[in-house]
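Novice: Here is the input, now give the coordinates:
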Amino acid sequence: MGVKLAGVLGLAIALGGCRTEQTDLGGGPPPFECDERCFVDRTVAEFHDAPADWFWGDPTDSSKPEVVYPLEGSVHAVNFEELTVQWRRRDRGQTLFALRFFASELEQSYIAYVPCLATDGEGCRYQLPDGFFARLRNAFQGQNVELTVAATDGAGGPVTTSRSVGFRFTSKNLENKGFYYWGTTDRGQDTVGLTYRLAAGARRPDPFIRPSTPSTPSLSNPLECGGCHSVSRDGSTIAFTARPNYSLGDNVGQLVVALTRDPTRPIIPADPALPDTAYNSSMMALTRDGSRALVAFGGGLELRDVQGGLLPEIPAALLQGKHALFPEFSPTDRRVVFTLAEELYSSHAVKDGSIATLVYDDERAELRDLEILVESSADEFHFYPTWSPDEQYIAFVTAPRGEYNASANQKNARLRMVRVADKQPFELAAATQGIGHWSTLPKFAPFQPADHGGLMFLTFTSKIDYGLLLRNGIPEQDDDRLPQLWMTAIDPGRLPGGDPSSAPVWLPFQNFVNSSLFGYWTDQVACRLGVRDAQGQELLPCGPGESCFNGSCRYIPN
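Specialist: Numbers count the residues shown, from 1 in each chain. Next comes the predicted model:
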């Protein structure tokens, strides 16, 4: 009997939380007991007979289920409170499943006995319940975890087990750093773009900057935002390009800058007296404290004092006759990185480009000393650069020239990273997950490597499959695929020979039936205090599940 049980889920004693002890030498399954490391879905308990019979069938190698999500080698933030395990079953008769999470260093297992909640075809999913998942991830903090899915008919039939998929929980949570992103939401017949925000770990985002519509007027943004926003690293200030509507084309838009504690009263507002075709902003960057904005438009750069002071003009000769786009200040504001292109494809896109930096002198409001870190070639170009928190690396995107669209919608984009000191580039292959997935728009999170065992975190946008729930590989039309936000862990200790990236994690606060992109990290999320909407209703200071503490929104994980 013990051999039979060992063949079902590895060694019986390794089940840990779901204890099975042989007390009857006369045969039959042992008594079943479920403790804090075990979970039984009530649907399973209702529709299946005695728990002791669930996994007492003979082990078999046929019809093995396959784990689809989480991804092999991924690194999960310990304070992300949701995980939906997704797998394929190979036999419709398989109606009962054991999801086993095993940490070998601790010699502990957590097991959930669950049904198959269908996705498509033979696909199954199950979102781990809050309390069980909280106990699991807290116990396995900083641990490597092996996940297997065992399948049976729940009536003593054959049992088959998937191959294991390994992933890891971070050793520390991602604190309450802020995260801003742009996404779409459906309002009746219309799809509207919003800027959302949340404190890291929060389960749901807060719709933050929203355009006006006839039914929902807004004081925060009377114009539309095309996704081109920037937030200061201290979280105090947000900037974006607003335009009346998309039909007017790309070369239209006004810079808007506001304090995040009250975005309804911009410091730099859109000027209603200007014509619809006004154009003074496409992409921009803010200094750490939000006091200055570096605006890219028309191929040039303009430095603006957010409080209205006059600043020296940036000479066009500094760019050596080329065009600048996608700027970002370094974490200490000592340098600026951007894409340097021979020409613009549109106000916010290029079909060629190199990764370049400039030295920034805040006291003199001066940019100088152009340096090329990654130069374009006849075959490839580079764009969307972002600084690592220690300023030693810059992540960016590389794509082939002459294929598909420009940087704004580049199907064959891949994620890369360059070491600033010696200009050595590295591939982030595990994060990219192969060519043809629109993996792009990287942004480093502001966590210092020493704080997380040497790991840095990089979010990006991609159209890879989210398990079986979002099958981006299925639609025949490219435009029917939905971009989503993912996060990879970067380990510089694997360099120079290894891939420093991990397989990515789908960020669980987003909605996989709408688009999500343009993620920005900040040190905090500022509370909105005394802010009212267009109808006079006072807005909550923070998003769902968050509390305001000393002017900053905090989320306390379970």
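Novice: Quick check: Val337 touching Leu325?
Specialist: No: Val337 lies out of contact with Leu325 (C-beta atoms under 8 Å); the separation is 11.5 Å. (C-beta placed from N, C-alpha, C; glycine too.)
Novice: Give me the residues contacting stretch 522-536.
Specialist: Residues from elsewhere that reach stretch 522-536, judged by C-beta atoms under 8 Å, 6 or more residues apart in numbering: 176-180, 197-199, 212, 216-219, 231-236, 259-264, 446, 538-543, 546, 548, 551-553.
Novice: Out of those, which sit inside helices?
Specialist: Nothing among the contacts of stretch 522-536 maps onto helices, per DSSP state H.
Novice: Are any of those buried, and if so which?
Specialist: 176-180, 197-199, 218-219, 231-236, 259-264, 446, 539, 541-543, 546, 548, 552-553 (16 or more other C-beta atoms under 10 Å).
Novice: Show me the residues you listed that map onto strands.
Specialist: Gly178, Phe179, Tyr180, Arg197, Leu198, Ala199, Val231, Leu259, Cys548, Ser552, Cys553 (DSSP state E).
Novice: would CSV of those residues with pLDDT be doable?
Specialist: Output for these, formatted as CSV (pLDDT from 0 to 100):
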residue, pLDDT
Gly178, 96
Phe179, 96
Tyr180, 94
Arg197, 94
Leu198, 96
Ala199, 96
Val231, 95
Leu259, 94
Cys548, 96
Ser552, 96
Cys553, 96
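Novice: and of those, the nearest to Val359?
Specialist: Using C-beta to C-beta, Val231 is the member of those that lies nearest Val359, at 23.3 Å.
Novice: show me what contacts that closest one?
Specialist: Going by C-beta under 8 Å, 6+ apart, the list of residues near Val231 reads Gly178, Tyr180, Thr237, Ile238, Ala239, Thr260, Leu286, Tyr520, Thr522.
Novice: Among these, which pair sits farthest apart?
Specialist: Within those, Gly178 and Ala239 form the most distant pair, 14.8 Å apart (C-beta to C-beta).
Novice: Columns distance to Asp352 on top of the contacts of Val231, output as CSV?
Specialist: Shown next, in CSV, are those (distance: C-beta to C-beta, whole Å):
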residue, distance to Asp352
Gly178, 34
Tyr180, 29
Thr237, 32
Ile238, 30
Ala239, 26
Thr260, 35
Leu286, 27
Tyr520, 26
Thr522, 31
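Novice: For Asn514, state which of the residues you listed is nearest.
Specialist: Nearest to Asn514 among the contacts of Val231 is Tyr180, at 16.3 Å by C-beta to C-beta.
Novice: for Ala317, helix, strand, or coil?
Specialist: helix (DSSP: H, G, I helix; E, B strand; the rest coil).
Novice: Distance of the residue nearest to Glu538 when sequence neighbours are not counted relative to Pro129?
Specialist: Closest residue to Glu538 in three dimensions, ignoring its sequence neighbours and counting by C-beta to C-beta, 6 or more residues apart in numbering: Arg532, at 5.2 Å. Plainly put, Arg532 is 38 Å away from Pro129 if you go by C-beta to C-beta, to the nearest Å.
Novice: Now do the buried residues in the one helix or strand Ala356 maps to.
Specialist: Following DSSP states H and E, one finds Ala356 within strand 354-361. Across strand 354-361, burial judged by 16+ other C-beta under 10 Å covers Ser354, Ile355, Ala356, Thr357, Leu358, Tyr360.
Novice: go on, stretch 416-424?
Specialist: For stretch 416-424, the neighbour count (16+ other C-beta under 10 Å) marks Arg416, Met417, Val418, Arg419, Val420 as buried.
Novice: try stretch 424-439
Specialist: Phe426, Leu428, Ala429, Ala430, Ala431, Thr432, Gln433, Gly436, His437, Trp438, Ser439.
Novice: Quick check: the third one touching Ser502?
Specialist: When you say that, I think you mean Ala429. No: with contacts counted by C-beta under 8 Å, Ala429 stays clear of Ser502, the gap being 10.7 Å.
Novice: mind checking pLDDT for the closest residue to Asp451 other than its chain neighbours?
Specialist: Leaving aside its chain neighbours, Asp451 sits nearest to Lys172 (6.8 Å; criterion: C-beta to C-beta, 6+ apart). Predicted confidence (pLDDT) for Lys172: 92.
Novice: how about Lys172, what does it touch?
Specialist: Val78, Gln141, Gly142, Asp451, His452.
Novice: which among those end up buried?
Specialist: Val78, His452.
Novice: Adding secondary structure, write the contacts of Lys172 out as TSV.
Specialist: Converted to TSV, the contacts of Lys172 look like this (three-state DSSP):
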residue	secondary structure
Val78	coil
Gln141	coil
Gly142	coil
Asp451	helix
His452	helix
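Novice: Out of the contacts of Lys172, which comes closest to Thr185?
Specialist: Nearest to Thr185 among the contacts of Lys172, with distances taken as C-beta to C-beta, is Val78, at 29.2 Å.
Novice: Need the pLDDT of Gly227.
Specialist: So Gly227 comes in at 50 (pLDDT).
Novice: Only alpha carbons, please: show the helix ranked longest in the chain as CSV.
Specialist: Identified as the longest helix of the chain according to DSSP H is helix 130-139. In CSV, the C-alpha atoms belonging to helix 130-139 read as follows (Å, rounded to 0.1, in the frame of the first residue of the first chain):
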residue,chain,number,x,y,z
ASP,A,130,-6.4,33.6,-0.1
GLY,A,131,-5.6,32.0,3.2
PHE,A,132,-4.0,28.9,1.8
PHE,A,133,-1.8,30.9,-0.6
ALA,A,134,-0.8,33.4,2.1
ARG,A,135,0.4,30.5,4.3
LEU,A,136,2.2,28.9,1.3
ARG,A,137,4.1,31.9,0.1
ASN,A,138,5.0,33.1,3.7
ALA,A,139,6.4,29.6,4.5
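Novice: any idea how far it is from the chain center?
Specialist: Averaging C-alpha positions (C-alpha atoms, centre = their mean, to the nearest Å) puts helix 130-139 21 Å from its chain's average.
Novice: go on, stretch 168-175?
Specialist: 15 Å.
Novice: one step back: sort out for me which of the buried residues of stretch 424-439 are in helices.
Specialist: Ala429, Ala430, Ala431, Thr432.
Novice: From the residues you listed, pick the one nearest Val149.
Specialist: Nearest to Val149 among those, with distances taken as C-beta to C-beta, is Ala430, at 22.6 Å.
Novice: and the closest one, what is it in contact with?
Specialist: Gly73, Thr488, Asp499, Ser501, Ser502, Ala503, Pro504.
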